[in-house]
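1. Fold the following, please.
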Amino acid sequence: MNGKHGFINRKGETVVPFIYDESTDFHGMGGLARVKRDGKLGFIDGKGNETVPLKYDEVKQFTENRARIKLNGKYGYIDRAGKEITPIKYNDAHYSDFNEGRAKVRINNKYGFIDLDGNEVIPLIYSKAMPFTKDLLLLNYIKNGAT
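-> Down below sits the predicted model:
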């Protein structure tokens, strides 16, 4: 409506006001919709409550109940309630989030992996790291500045 997104019920009544610049539907997000307003992203529930505040520059869909977020050029992860599971400190977080229970992250030029609770389970010491395939992982190790 007037270039804004919102949601109505089957009776045509407005349930979520038409105030968002962009939105997804509730279908693939487990009962939440990703919304954007004034350049910031977050999530709302079916009643329009902001479960994840509209403060992020980038928000990806949930995988294993975690969503990758970006704020001021750094990445982290949140849960469905908007709680930051990891600090927003990574220079990169891989698109195949939580493949086999691990997500690839990078600080500067060193890669490692975190688990669903944000613990660094594979230390950030590798110059190259591929996503897990059948429980195995390809890594290049940095030793004294050489791979």
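2. For Gly112, pull up the helix or strand it's in.
-> Following DSSP states H and E, one finds Gly112 within strand 110-114.
3. Measure how the helix or strand just after that strand sits relative to strand 110-114, angle-wise.
-> On the C-terminal side of strand 110-114, the closest following helix or strand by DSSP H and E is strand 120-129. Angle, strand 120-129 to strand 110-114, by axes from the mean of the first three to the mean of the last three Cα atoms, to 10 degrees: 140 degrees.
4. Packing partners of strand 120-129?
-> strand 103-107, strand 110-114, strand 139-141 (3 or more Cβ pairs under 8 Å, 6 or more residues apart in numbering; DSSP states H and E). C-beta coordinates here come from the backbone N, C-alpha and C atoms, glycine included.
5. need those strands in JSON lines with mean neighbour count and mean pLDDT, can you?
-> Below are the helices and strands packed on strand 120-129 laid out as JSON lines (neighbours: other Cβ atoms under 10 Å; pLDDT from 0 to 100):
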{"stretch": "strand 103-107", "mean neighbour count": "22", "mean pLDDT": "91"}
{"stretch": "strand 110-114", "mean neighbour count": "22", "mean pLDDT": "90"}
{"stretch": "strand 139-141", "mean neighbour count": "12", "mean pLDDT": "55"}
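6. how about a markdown table for those strands, with distance to Leu54 added?
-> Shown next, in a markdown table, are the helices and strands packed on strand 120-129 (distance: least, Cβ to Cβ, whole Å):
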| stretch | distance to Leu54 |
| --- | --- |
| strand 103-107 | 23 |
| strand 110-114 | 25 |
| strand 139-141 | 37 |
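7. Of the ones you listed, give the one that comes closest to Phe18.
-> Between Phe18 and those, the tightest spacing by Cβ to Cβ is seen for strand 103-107, at 34.9 Å.
8. Parallel or antiparallel, which strands does the closest one pair with?
-> The sheet places strand 103-107 alongside strand 92-93 (antiparallel), strand 110-114 (antiparallel), with pairing taken from DSSP bridges.
9. contacting residues around the first one?
-> Read it as strand 92-93. Arg68, Tyr75, Gly76, Tyr77, Ala103, Lys104, Val105, Arg106 (Cβ atoms under 8 Å, 6 or more residues apart in numbering).
10. helix or strand for the residue positioned nearest the centre of the chain, which one?
-> With distances taken as Cα atoms, centre = their mean, Arg68 lies nearest the centre of the chain, 1.5 Å away. Using DSSP H and E, Arg68 maps to strand 66-71.
11. Noted, bye for now.
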